[in-house]
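Engineer: Generate a structure from the sequence data that follows.
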Amino acid sequence: MTRIVSPSMLSADFGHLERDTRMIDRSRAEWFHIDVMDGVFVPNISFGFPVLAAITKATEKVIDTHLMIVEPEKYVERFVKAGSHYVTFHIEATEKVQECIDLIHQAGAKAGISIKPKTPVETLREWLPQIELVLVMSVEPGFGGQSFIEGSTEKVAELKRLIAETGSKAMIEVDGGVSSKNARELFDAGAEALVAGSAVFKAPSPEEEISKILEA
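Structural biologist: Here you go, the predicted model:
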C-alpha cells in the first residue's frame with residue numbers, strides 16, 4: 001500500500017520559507033501540499049503564484065496544489081504552468097467540473113477533486129473514473145490547526161469502496177487534523193496520501209514527525 005506524507009506549507013514559517021522548504025525536501029515526505037485560499041470559498045486568504053514559484057525553485061518533489069477558490073476553472077491551467085503536478089479543486093466551488101478536469105489534464109497535470117466534510121462521497125461517482133486524486137477534508141476548509149472530525153475515517157473507507165465499484169484508479173488523500181496519532185487508521189481505511197500541517201511544522205522535529213506518520 002502506498003504511503004505518502006504531503007506537508008502543508010500553509011503551516012510553514014513564512015519568514016524562513018526557503019529554510020522550511022529545504023527541510024521538507026530532505027525529509028521522507030514525497031509531496032508538498034500547497035493550500036490556495038481566496039477569501040470567498042473559504043473565510044481566509046493564503047497565497048498564490050509567487051509563493052508557489054518560490055517553493056518549486058527549492059525542490060524537485062511533487063507539488064500537490066489544493067485550490068479552495070471559487071470558479072477554479074479560471075486558474076487551474078496557470079497552477080499547472082506554475083509547477084503543480086496535481087491540481088485539486090472543490091466540487092462545491094464550481095459548476096464546471098468537467099471543464100476543470102479537462103483543463104488540468106490538457107495542461108499536463110493530474111486532476112483531483114476535494115470534498116468538504118458534509119459532502120457525500122456519492123457526489124463524486126460520475127467523475128471518479130476521470131481523475132487521479134480525491135481529497136477528503138477531515139476539517140472544515142479554511143484554517144490550519146483544526147481538530148480531526150469524527151467519522152472521517154469511515155468516509156475514507158466508503159470512498160475506497162466507491163472507487164473500486166467505479167473502476168477508478170484515483171488515490172485517496174486526507175487533509176485536516178492529521179498526525180502520527182491517527183495516521184494508521186487512515187492508511188488502514190484506504191488513504192494513500194496524508195496532508196499534515198501543524199503536526200509537522202509545530203513538532204520539535206518535523207522530519208521525525210513525518211517518519212512517525214509514515215511508519216504509523
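Engineer: what secondary structure does the nearest residue to Gly142 once chain neighbours are set aside sit in?
Structural biologist: Of all residues not flanking Gly142 in the chain, Val42 sits nearest, at 3.4 Å (CB to CB, 6 or more residues apart in numbering). Every C-beta, even on glycine, is put in place using the N, C-alpha and C of the backbone. Look at Val42: counting by DSSP: H, G, I helix; E, B strand; the rest coil, its state is coil.
Engineer: Quick check, Val42 in contact with Met68.
Structural biologist: Yes: between Val42 and Met68 there is a contact at 4.7 Å, judged by CB atoms under 8 Å.
Engineer: In terms of packing, which of those two has more residues around it?
Structural biologist: Set side by side, Val42 and Met68 show more neighbours around Met68, with 25 against 21, by other CB atoms under 10 Å.
Engineer: contact partners of stretch 45-64?
Structural biologist: 6, 9-10, 17-18, 21-22, 24-25, 29-39, 65, 78-79, 82-86, 88, 173, 193, 195 (CB atoms under 8 Å, 6 or more residues apart in numbering).
Engineer: Which members of the residues you listed are positioned in helices?
Structural biologist: 17-18, 21-22, 24-25, 78-79 (DSSP state H).
Engineer: can you pull the contacts of the residue nearest to Gly142?
Structural biologist: Going by CB under 8 Å, 6+ apart, Val42 touches 68, 141-142.
Engineer: How about Ser8?
Structural biologist: Applying CB under 8 Å, 6+ apart, we find Ser8 in contact with 33, 35, 144, 175, 195-197, 200.
Engineer: Lowest pLDDT pick from the residues you listed?
Structural biologist: Here the lowest pLDDT out of those sits on Gly144, with 70.
Engineer: Looks like that one contacts Met9 (just checking).
Structural biologist: No: contact criterion CB under 8 Å: Gly144 and Met9 do not qualify, at 10.3 Å.
Engineer: quick one on the thing from earlier: of the contacts of stretch 45-64, buried ones?
Structural biologist: When the contacts of stretch 45-64 are checked for burial by 16 or more other CB atoms under 10 Å, the buried set is 6, 9-10, 17, 21, 24, 29-38, 65, 79, 82-86, 88, 173, 193, 195.
Engineer: Alright, that wraps it up for me.
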